[in-house]
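K.L.:
attaching a predicted model along with its sequence, questions to come.
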Amino acid sequence: MTEPLIKLLDPRIPSDATEIARLQDEEGYRYVDTYAEQVAELAETRDPSAVGHAPTPLQDDPGERVAAFPWQKTLVRILDADAYRELRTNRNRELLTQEEQDRFGDACIAFAGLNVGNPGAVCIALEGGSRSMRLADLDPLSLSNLNRFRAGLPDLGINKATLTAQQILEVDPYYKLDLYEQGISPANLETFLDGASLLVEEMDALPLKISIREVAKAKGIPVIMVTGNAEGILLDIERFDETPDLPILNGLMDARVMEAVAHPTGPLAPHDKVALARDFMGVPYLDERLLLSFSAFGTSLVGIPQLAESSFMRGAALCYAAKAIVLGRPLPSGRYAFSFAAGLQLVHHS
């Protein structure tokens with residue numbers, strides 16, 4: 001875990017005011033101040049009957065902070081935490097009731113793997129969910145990730161957990177984020193999951209995909225995994241919170257594959273590792289083009305392809321599933337498939 005990435009400064013505290021002034025004077029820093037507009041917008045949201053007219057002025061002081069983003073070399077003056085959250089999530093109403101918004105926000109979601117987990121974590125944060133997150137990934141962003149990862153060239157080389165945290169904090173600097181930049185290992189599995197409401201599992205290391213589920217199962221923590229399937233997705237839901245004796249991956253994995261994944265006899269050659277990853281998901285569930293790519297690995301392909309539309313779809317699916325589980329909506333254990341090709345319905349044609 002790492003130190004906080006940002007500073008939240010209170011201009012009413014002399015030492016914080018001095019730090020704000022120091023940063024404003026530092027070369028390259030810029031100061032963004034839309035605080036008056038934020039206060040006006042907050043007043044509007046509290047007085048919706050005044051739409052089109054001047055709203056009733058706020059009766060209470062919403063407070064303020066200055067958020068310092070060192071990677072952006074930017075200071076931003078914002079509302080204090082409660083008012084900030086109230087205003088930022090206002091457009092969720094009434095798609096989310098206030099009680100649902102609070103429950104979703106109070107959940108602690110652990111993300112193991114941010115290549116796929118990133119769009120899910122960011123989508124959840126945009127909706128104001130899981131104000132306490134754990135983000136684990138040991139890999140830096142590479143150029144080949146930029147066909148699907150929501151980032152850019154200035155982000156190359158940044159650890160994916162750190163990059164995800166930066167993207168979330170730029171949306172809401174009041175989020176509490178625990179970063180595991182060395183990734184997940186047998187030594188930190190227990191700590192990573194202690195007190196978690198939900199696990200999003202998106203790691204590449206196959207043995208860890210099994211062992212982390214065993215820990216989640218023992219702790220009664222539900223698990224979500226979403227897999228790109230060409231232009232569609234597969235969504236796996238394991239409700240260890242509802243069914244303590246539920247088989248790992250809902251019993252969908254062949255026993256021989258499970259044994260090979262959980263107890264490898266030695267280092268696997270790249271072709272064998274890719275074949276095992278294919279069998280981990282199960283050939284019957286995979287798109288034909290995706291299956292062909294597995295056979296092309298090492299000849300015409302250096303990796304298994306993934307598309308941006310599938311990545312964004314995975315983020316939305318993770319958010320939907322996490323919210324459903326946290327809010328107690330029906331979402332039974334099982335494997336779900338979705339694609340636009342299969343799910344797009346024409347409701348009107350002229």
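P.N.:
Happy to help now that I have it.
K.L.:
okay, now the domains of this structure?
P.N.:
7-88, 98-343 (automatic domain parsing).
K.L.:
what about the ones you listed, which gets the closest to His349?
P.N.:
Closest approach to His349 among the domains of the chain (C-beta to C-beta): domain 98-343, 17.3 Å. For the C-beta atoms, the positions are set from N, CA and C on the backbone; glycine is no exception.
K.L.:
how far does the closest one stretch from start to finish?
P.N.:
End-to-end distance of domain 98-343 (C-alpha to C-alpha, to the nearest Å): 31 Å.
K.L.:
I'd like the mean pLDDT over the helix or strand containing Met258, please.
P.N.:
Taking DSSP states H and E as the criterion, Met258 maps to helix 255-262. Helix 255-262 shows a mean pLDDT of 89.
K.L.:
quick check: buried residues in it?
P.N.:
Val257, Met258, Ala260, Val261, Ala262 (16 or more other C-beta atoms under 10 Å).
K.L.:
next: stretch 173-189.
P.N.:
Pro173, Tyr174, Tyr175, Leu177, Asp178, Leu179, Tyr180, Glu181, Gly183, Ile184, Leu189.
K.L.:
mind checking which of the residues you listed are in helices?
P.N.:
Among these, the members falling in helices (DSSP state H) are Leu189.
K.L.:
next, format the buried residues of stretch 173-189 as a markdown table and append pLDDT and distance to Tyr285.
P.N.:
Formatted as a markdown table, the buried residues of stretch 173-189 follow (pLDDT from 0 to 100; distance: C-beta to C-beta, whole Å):
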| residue | pLDDT | distance to Tyr285 |
| --- | --- | --- |
| Pro173 | 98 | 40 |
| Tyr174 | 98 | 40 |
| Tyr175 | 98 | 35 |
| Leu177 | 97 | 33 |
| Asp178 | 97 | 33 |
| Leu179 | 97 | 33 |
| Tyr180 | 97 | 30 |
| Glu181 | 97 | 32 |
| Gly183 | 97 | 27 |
| Ile184 | 97 | 25 |
| Leu189 | 96 | 27 |
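K.L.:
let me know the closest of the buried residues of stretch 173-189 to Gln59.
P.N.:
Checking those against Gln59 with C-beta to C-beta, the nearest one is Tyr174 at 23.0 Å.
K.L.:
OK, contacts around Val39?
P.N.:
Contact analysis of Val39 by C-beta atoms under 8 Å, 6 or more residues apart in numbering lists Leu58, Pro62, Leu79.
K.L.:
how near is it to Asn159?
P.N.:
Distance from Val39 to Asn159, counting by C-beta to C-beta, to the nearest Å: 36 Å.
K.L.:
related to what we said a few turns ago, ok, of the contacts of Val39, which come out buried?
P.N.:
Burial by neighbour count, judged by 16+ other C-beta under 10 Å, picks out Pro62, Leu79 from these.
K.L.:
just the contacts of Val39 now: which is nearest Val302?
P.N.:
Nearest to Val302 among the contacts of Val39: Leu79, at 47.8 Å, using C-beta to C-beta.
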